[in-house]
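S.K.: Starting from these lines, generate the structure:
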Amino acid sequence: MKDIKVLGIGCARCTDTADLIQRTINEMGAQAHVAKDTRPEALVEHNVMSTPAVVIDGKVVHSGSMPKADQVRSWLSD
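M.R.: Residues are numbered from 1 along each chain as shown. Modelled structure (predicted):
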């Protein structure tokens, strides 16, 4: 099961990113857990300068914009 975190300050784009990822997980029937992390320390820990950021199993895979659904599908397929 993949551990997915959406890092951000709680803005609408961050919430929309987490929702998009959860919808895609549900559509694909993938095994993954999504959590939002709004702690400023999380941004520092992952060296993220722009949000929203997506971290999968401890690795930053995206930051600075809302990902596209096909990107999310490719992350879940890996």
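
S.K.: Now do the phi/psi pair for residue 58.
M.R.: Recorded main-chain torsions at residue 58 are phi 90, psi 0, according to degrees, to the nearest 10.

S.K.: Burial check on it, number of neighbours?
M.R.: Using other C-beta atoms under 10 Å as the criterion, residue 58 is surrounded by 9 other residues. For the C-beta atoms, the positions are set from N, CA and C on the backbone; glycine is no exception.

S.K.: Find the residue closest to it in space, skipping its chain neighbours.
M.R.: Excluding its sequence neighbours, the residue lying closest to residue 58 (C-beta to C-beta, 6 or more residues apart in numbering) is residue 3, at 7.7 Å.

S.K.: Test for you: state the pLDDT assigned to the one you found.
M.R.: At residue 3, the model reports a pLDDT of 98.

S.K.: Same question for residue 78.
M.R.: At residue 78, the model reports a pLDDT of 79.

S.K.: can you tell me how far it sits from residue 31?
M.R.: In this structure, residue 78 and residue 31 are 13 Å apart, going by C-beta to C-beta, to the nearest Å.

S.K.: all strands of this structure, in order?
M.R.: Remark: strands of the chain, listed N- to C-terminal, are 2-7, 32-37, 53-56, 59-63; assignment by DSSP state E.

S.K.: which residues sit in contact with the residue nearest to residue 58?
M.R.: Applying C-beta atoms under 8 Å, 6 or more residues apart in numbering, we find residue 3 in contact with 32, 33, 35, 56, 57, 58.
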